[in-house]
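Colleague: Prediction below, plus the sequence it came from.
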Amino acid sequence: MADYSKHGGGGISWPSRARLALAISAGKLAGASGRLFRIGGGTSLPGMIARRIDPNVLRSVMAATTASKIVITGSNGKTTTARMTAAIADASGRRVSHNRTGSNLLQGVTSVVVNYADVFGRLDSDLLLFEIDEGTMPVAMPEIQPDVVVVTNIFRDQLDRYGELYSVAKALDKLLERLPETATIVLNGNDPQVASFGQQARAKKLYFGLRTTDIGRPVPEHAADVIRCIRCNEDLVYEVAYLSHLGLYRCPNCGYELPPLDVAATSIQLDPRGDGPTQVTMQTPLGQLELTLPLPGVHNVYNAAAAIAASIAAGFGIEKVPAALSNIRTAFGRLEKIQAGDQTIYLAFVKNPTSFNLVLRLIAQHPGEKHLLLVASNTVVDGEDFAWLWDVDLEEISPQVADVICSGTKAEELAMRLKYAEVPLDRVRVIHEREAALNAALQNAGPGGTLYIMASYTPTQELRRIMQKRGWVKPYWEE
């Protein structure tokens, strides 16, 4: 484990202990009340209340625990990577505490310790696993003092909130450089930006990714974010591009290239129907693994590679990995398959061009014409800058579109984008109210039909609450 003794955390005064106990008790009560009255699952409210009483509650509990601490951050894949890591840890006999619902801002991260610690701040855990929003990392990292930090990828995401991609990358890189030599940084080697992190860091580095020509395309897609060399700004040359700018790359000018991968998927067989399972051969420092992932898509191969690398960095063996990952389920809203009577719904949370394009390509492999419900809002939570919609490749699925309902605060812009994608106007309707939009889309799908929903964060939550009331899904904190 990392040595953070210089940060203190030894003896705590009695007034501080009393304040800590009050903060945790109040947080626990808030979480229990939310669950009792069905207004929340204790994913962020406990942490919010606890921090109001004792702003140092997370730091105090972290300083006192002997559990290993893994932090997972990045633009896409955090929730599924964290769930996979938790499954491996659990199968390896570790007692795991983590924010499994994806509540990854500071209050959600703090809720982990409030929910799992006793009132004196003592944790009965071997592993603390935190999924953390990349914008929250600068405030959360000093309080957690992690042993392992995983960076999944960096994509353009909520420019109005984060700033441009290189600002996010620079801030993360500075944080990683402060880690002690006993810590480990786990980096996606296929991401030219992420692979450059930690060059001045004292911490050990472990690289994961894909190293195969089984899948991919010759050049990155047009919406790719990093296509020039991080060092000299020359155009990168790709042997293969797997997803956006992730791939096997090199710079013809200065020689910057893909680093040697410690954990690498060397053979991948994707389900041609786009619905899973995925067969993967994974090379690791501890030996080769043959995996059957029940989840579709190359993005889940990345999630599995990141989880395996994190587990190795934390000192787990790999013997239990195949069994642990064979039973993994989709997190809510991650192309989640929902049975609604005799109809089937696929619900996908999309927040940037990469995630949207990935979902479109997966569902394009499903047979038949597609009934769609697209819902987008530009709230502060969702991101107010919605210009990225025009980098979504709706043209690729437009020939398969039977009908589309557009909803949310940006419904009209969705409809306009579909027009430019040459979806016939008589197949597109705008319905702002969420439940009415869902009802109309299901009516379009017809008895026994399939509906594909792609929604930003707030509408995903709104639609799931409607489905919960109808008994189609459990509350997301119970999934």
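Modeller: Nice, thanks for sending it over. Predicted model, so just to flag it, every value in this text is computed and none were measured.
Colleague: C-alpha from now on. contacts and neighbour counts both.
Modeller: Will do.
Colleague: Next, the contact list for the nearest residue to residue 285 once chain neighbours are set aside, please.
Modeller: Nearest residue to residue 285 in three dimensions, chain neighbours excluded: residue 262, at 6.3 Å (CA to CA, 6 or more residues apart in numbering). Contact analysis of residue 262 by CA atoms under 8 Å, 6 or more residues apart in numbering lists 206-208, 283-285, 309.
Colleague: Tell me the one among those residues nearest to residue 132.
Modeller: Taking CA to CA as the measure, residue 132 lies nearest residue 309 of the contacts of residue 262, at 17.6 Å.
Colleague: tell me the domain ranges of this structure?
Modeller: With domains defined by automatic domain parsing, the chain comprises 8-326, 336-478.
Colleague: Switch the ones you listed over to JSON lines, and while doing so, append mean pLDDT to every line.
Modeller: Below are the domains of the chain laid out as JSON lines (pLDDT from 0 to 100):
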{"stretch": "domain 8-326", "mean pLDDT": "91"}
{"stretch": "domain 336-478", "mean pLDDT": "93"}
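Colleague: just checking, which of those domains sits deepest inside the structure?
Modeller: Highest mean neighbour count among the domains of the chain (mean count of other CA atoms under 10 Å): domain 8-326, with a mean of 20.
Colleague: closest to residue 424 among the contacts of residue 262?
Modeller: Comparing the contacts of residue 262 against residue 424 with CA to CA places residue 208 closest, at 43.1 Å.
Colleague: from memory the closest one sits against residue 185, does it?
Modeller: No - with contact defined as CA atoms under 8 Å, residue 208 does not reach residue 185; the gap is 10.8 Å.
Colleague: Tell me the backbone dihedrals of the residue nearest to residue 285, please.
Modeller: Main-chain dihedrals, residue 262, degrees, to the nearest 10: phi -80, psi -40.
Colleague: ditto for residue 206
Modeller: Dihedral angles for residue 206 - degrees, to the nearest 10 - are phi -130, psi 130.
Colleague: Please, which helix or strand holds the closest residue to it other than its chain neighbours?
Modeller: Sequence neighbours aside, residue 186 is the residue nearest to residue 206 in space, at 4.7 Å (criterion: CA to CA, 6+ apart). Secondary structure assigned from DSSP states H and E places residue 186 in strand 184-188.
Colleague: which helices and strands does that strand pack with?
Modeller: With contacts taken as 3 or more CA pairs under 8 Å, 6 or more residues apart in numbering; DSSP states H and E, strand 184-188 sits against strand 148-151, strand 204-210, helix 298-313.
Colleague: and of the ones you listed, who's closest to residue 362?
Modeller: Between residue 362 and the helices and strands packed on strand 184-188, the tightest spacing by CA to CA is seen for helix 298-313, at 9.8 Å.
Colleague: ok now that closest one, how far from the chain's centre?
Modeller: Distance of helix 298-313 from its chain centroid, counting by CA atoms, centre = their mean, to the nearest Å, is 12 Å.
Colleague: export that helix as PDB, just CAs?
Modeller: Output of helix 298-313 as PDB, limited to C-alpha atoms (Å, rounded to 0.1, in the frame of the first residue of the first chain):
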ATOM      1  CA  VAL A 298     -15.000  -3.600 -27.800                       C
ATOM      2  CA  HIS A 299     -15.500  -1.000 -25.000                       C
ATOM      3  CA  ASN A 300     -16.200  -3.900 -22.600                       C
ATOM      4  CA  VAL A 301     -12.900  -5.600 -23.700                       C
ATOM      5  CA  TYR A 302     -11.200  -2.400 -22.600                       C
ATOM      6  CA  ASN A 303     -13.100  -2.400 -19.300                       C
ATOM      7  CA  ALA A 304     -12.100  -6.000 -18.600                       C
ATOM      8  CA  ALA A 305      -8.400  -5.200 -19.400                       C
ATOM      9  CA  ALA A 306      -8.500  -2.200 -17.100                       C
ATOM     10  CA  ALA A 307     -10.100  -4.200 -14.300                       C
ATOM     11  CA  ILE A 308      -7.600  -7.100 -14.600                       C
ATOM     12  CA  ALA A 309      -4.700  -4.600 -14.600                       C
ATOM     13  CA  ALA A 310      -6.100  -2.900 -11.500                       C
ATOM     14  CA  SER A 311      -6.500  -6.200  -9.800                       C
ATOM     15  CA  ILE A 312      -2.900  -7.200 -10.500                       C
ATOM     16  CA  ALA A 313      -1.700  -3.800  -9.300                       C
END
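Colleague: Which parts of the protein are helices?
Modeller: 14-36, 45-53, 57-64, 78-91, 106-116, 137-144, 159-162, 165-177, 298-313, 321-326, 353-364, 411-420, 434-445, 457-469 (DSSP state H).
Colleague: could these be laid out in a markdown table, adding distance to residue 190?
Modeller: Formatted as a markdown table, those follow (distance: least, CA to CA, whole Å):
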| stretch | distance to residue 190 |
| --- | --- |
| helix 14-36 | 40 |
| helix 45-53 | 35 |
| helix 57-64 | 32 |
| helix 78-91 | 16 |
| helix 106-116 | 28 |
| helix 137-144 | 22 |
| helix 159-162 | 23 |
| helix 165-177 | 15 |
| helix 298-313 | 10 |
| helix 321-326 | 22 |
| helix 353-364 | 15 |
| helix 411-420 | 31 |
| helix 434-445 | 38 |
| helix 457-469 | 27 |
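Colleague: For residue 130, find the nearest of the ones you listed.
Modeller: Closest among the helices of the chain, using CA to CA: helix 106-116, at 6.6 Å.
Colleague: tell me what the closest one is packed against?
Modeller: Using 3+ CA pairs under 8 Å, 6+ apart as the contact test, the elements touching helix 106-116 are helix 14-36, helix 45-53, helix 57-64, strand 96-98.
Colleague: how far off helix 14-36 does it point, in degrees?
Modeller: 90 degrees (axes from the mean of the first three to the mean of the last three CA atoms, to 10 degrees).
Colleague: and helix 106-116, how far from the chain's centre?
Modeller: Distance, centroid of helix 106-116 to centroid of chain: 18 Å (CA atoms, centre = their mean).
Colleague: hmm, who's touching it?
Modeller: The contact list for helix 106-116 (CA under 8 Å, 6+ apart) reads 24-25, 27-28, 31, 42-48, 50-51, 57-58, 61, 97-99, 103, 121, 123-124, 130-132, 136, 139-140.
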